[in-house]
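J.: Sequence first, then the predicted structure, then my questions.
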Amino acid sequence: MGNRERNGTLTDGEILKLYFRRDESAVAETDRKYGSYLLRTAERFLTDRRDREECVADTYLGAWNAIPPEEPRSMKAFLTVLLRRNAVNRYRKDNRKRRVPGELLCPLEDGEGLSAAESAADAFDGEQLGRAISAFVSSLPSRRRTVFMCRFYENRSIGETARLLGCSRSTVEKELSAIKGGLRDYLEKEGYSV
Amino acid sequence: MKNENWQAGLNALDASLVEQHLKETERLEKRRKSRGLRFAALAACFCLVLGSVLTLPLLKKQPETPFVDSEPSGETSEGYIEPPFVGPVLLGDAVTGTQSVTVGRTEFGHASELLEPPCFQVGTVVEARVEEVLPDVYLCPGRNVTYWVAKLEVLDVIRGEGLPQTIYLRFCHQEPPCYQLPGKNYGRDLFDGYSSLILSLEQVGIENYLLVNRDQGRAEYFPHMFGFYFVDLPDYGAVVPFAEGKAVYDLWDAGYGWEYPAEEGDSVAQVKEKVQGMIAEGGEKLPSCKYFTAEDVCASEEGKAVLGEVAPGQGTLFYHTFWGNRGVPYVTYARYVNGVPTGEWVRVYPERVERSGVWLTREELETLPDIGSAVATLDVSKLAPPHVSLLEGDRLQGYNVQGFYRRAEGEFYGILRVIWTYERPGKGFLQDDCYFLYDCHGNARTVEREELREIIGDDGLICPFSYDPIMVCF
């Protein structure tokens, strides 16, 4: 098979070609290249191993259904986005099973703010809100942006984020505090009730 | 903002941001690894030099306990449990009605958590019929206890004045073992088949309850909520069930309360007569059982002003209990944020008003760490007790997580306390605890009892038990 990287996996371009050809080996190649990364990422959202595996499988199915027409520029980013959505949905589903009321879970909290079902209306709100959050995150200095993405998007722990950035936990906590204050102000100015 | 919207917003984040972030994390990972390799080489040399010096004392003195023996989300390291992340409280307006409370965000509370729960051993006695047990499970957010709620029609008030015809009775659906005693669970069908009950209500007066309907995910308000207990002696109980008008023995279970006699097969009239006899014996020693309302107690100008202060829609909710100790009724309003008491309370007597001396400004409320959410979501099974050495065979009896707010030297703190209880078969029990301290500036850390005592003073929330396995055999 075509261009392979040093570790024997296909390049993103080659994997994409398989998807476009509707070649089912596309999923196997995706798994070979990104499987362990996706499982690791899912672990930040889901504690149950079986849930994580199913979530990754859902991500592959999502990619299979979306490509084509989607032609992602970065396969890793594309899969990450799909995985996060699946992980959040699965988390919510688990919460519903356990009947944890939404009121108990607080927004703007890492990994805890995941609750009720997502409706079409929510999805529309989500798109708008996503644009607002994106604008806010883009305006952040580089390190703060990384803290935001690690903590809120990837659900990494404070310790893990600190280790990645090579700084102390308290530094990350201070950054988070500043980010949340700024985000709250920003969203309120944008007309959101936070 | 709702959680689902926040998460939907994150899910819709610009893909280029995600891409950029993944590249940045890859770069940081590589940098960390190369730094780690350089450090490892240096460390290896250093260890060779110091190894012999350090090894001997370590062999002589083994650490007494591994502080953490599991890895919760990769967040722990030896000797330290990282506090769960807690954001600021998000305040919202609340609207109450006669049957329900709509809480815009995440505020609810539980009246029995108040400073002085109005709990009487001897109180109102009624004969009532269970109309229905509500289908949903209710949650007390301050404690990890769930309830069934039964709607009762009062058929006869044997002792007490002015009771409403409909009252609500809570009983345990699931109570995990607390740190002292194992709990009890009951089914929704507990009262099936009984024609009526004579029961001693745990509280006199009224207690307004706000419980979280766990199944529907909303807060609900019960204007006349009582609790009651069972007594383990069937012929001397606090609740007497009747099947087809005859007392039966099959309901009793462990508990306590006002105990009164009944024999199997007694009619309703016979039990009433026995209870009346006990009341006559109690005479003047028995406290008053008059039913009263907030408006009755807060009739003075000052009282009316308090009603305005604690009215819903002020960004937070106050929960109130009534008490009629020795015939003087009073009502206490206390603020709870996500089920956690802030220490603010105001007590209204017909003639005067007392205050706790703590009153938060709106600004302070907005910066409070959200301990309530942490209490509700903390998974203690991922933490290990930090101070006790567990032996093989030790069995976890249960754990207790509670949140508190305290003001000390002008600073407000949120404190999360975790208590573990283990049974050591054949020996007794041992306990451990840990405390997470949150300030209003977004900082959090784990503190030991002594340090906490230095910060907030000698406070009742700091557990008095010893970490040593002092065994209490039952």
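T.: That came through, no problem. Here the structure is a predicted model, which is why all the values come from computation and not from measurement. Numbers count the residues shown, from 1 in each chain, chains lettered A, B, ... in the order given.

J.: Report the separation between B:Asp459 and chain A.
T.: As judged by C-beta to the nearest C-beta, to the nearest Å, B:Asp459 and chain A stand 25 Å apart. Just so you know, the C-beta spots here come from the backbone N, C-alpha and C atoms, and that holds for glycine as well.

J.: does chain A sit close to stretch B:160-173?
T.: No. Using C-beta under 8 Å from any C-beta of the partner chain, stretch B:160-173 never reaches chain A; the gap is at least 11.4 Å.

J.: Can you report phi and psi for B:Asp215?
T.: Main-chain torsions, B:Asp215, degrees, to the nearest 10: phi -70, psi -30.

J.: Which stretches in the stretch 251-400 of chain B count as strands?
T.: B:260-261, B:317-323, B:330-337, B:340-348, B:353-355, B:395-408 (DSSP state E, counting those that start in this stretch).

J.: out of those, nearest to chain A?
T.: Nearest of those to chain A, taken as C-beta to the nearest C-beta: strand B:330-337 at 11.1 Å.

J.: Check the strands of the stretch 251-400 of chain B for me: which has the lowest mean pLDDT.
T.: Across the strands of the stretch 251-400 of chain B, strand B:317-323 has the smallest mean pLDDT, namely a mean of 63.

J.: so can I have CSV of the strands of the stretch 251-400 of chain B showing mean neighbour count?
T.: Output for those, formatted as CSV (neighbours: other C-beta atoms under 10 Å in any protein chain shown):
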stretch, mean neighbour count
strand B:260-261, 20
strand B:317-323, 23
strand B:330-337, 24
strand B:340-348, 23
strand B:353-355, 13
strand B:395-408, 19
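
J.: Can I get these in CSV including distance to B:Leu139?
T.: Listed next are those as CSV, based on distance: least, C-beta to C-beta, whole Å:
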stretch, distance to B:Leu139
strand B:260-261, 32
strand B:317-323, 15
strand B:330-337, 14
strand B:340-348, 14
strand B:353-355, 30
strand B:395-408, 14
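
J.: Of those, which is nearest A:Phe20?
T.: Of all those, it is strand B:395-408 that lies closest to A:Phe20, at 52.2 Å by C-beta to C-beta.

J.: what about B:Glu448, how many residues close to it?
T.: By the measure other C-beta atoms under 10 Å in any protein chain shown, the count of residues near B:Glu448 is 13.

J.: Relative to B:Tyr435, how far out is it?
T.: Here the criterion is C-beta to C-beta, to the nearest Å. By it, B:Glu448 lies 8 Å from B:Tyr435.

J.: gap between A:Ile133 and A:Arg184?
T.: From A:Ile133 to A:Arg184 the distance is 12 Å (C-beta to C-beta).

J.: Looking at those two, which is more packed in?
T.: Neighbours were tallied for A:Ile133 and for A:Arg184 using other C-beta under 10 Å; the higher tally belongs to A:Ile133 (26 against 18).

J.: the bottom helix or strand of the chain by mean pLDDT?
T.: The chain I'm using is chain A. None of the helices or strands of chain A scores lower by mean pLDDT, DSSP states H and E than helix A:120-138, at a mean of 73.

J.: You answered for a different chain; I wanted chain B.
T.: Using mean pLDDT, DSSP H and E, the lowest element in chain B is strand B:101-103, with a mean of 41.

J.: can you pull the buried residues of the helix or strand just after that strand?
T.: Next helix or strand after strand B:101-103 toward the C-terminus (DSSP states H and E): strand B:125-133. Within strand B:125-133, the residues that count as buried by 16 or more other C-beta atoms under 10 Å in any protein chain shown are B:125-128, B:130, B:133.

J.: And stretch B:151-167, by the same measure?
T.: Using 16+ other C-beta under 10 Å as the test for burial, stretch B:151-167 gives B:151-152, B:154, B:157-160, B:163, B:167.
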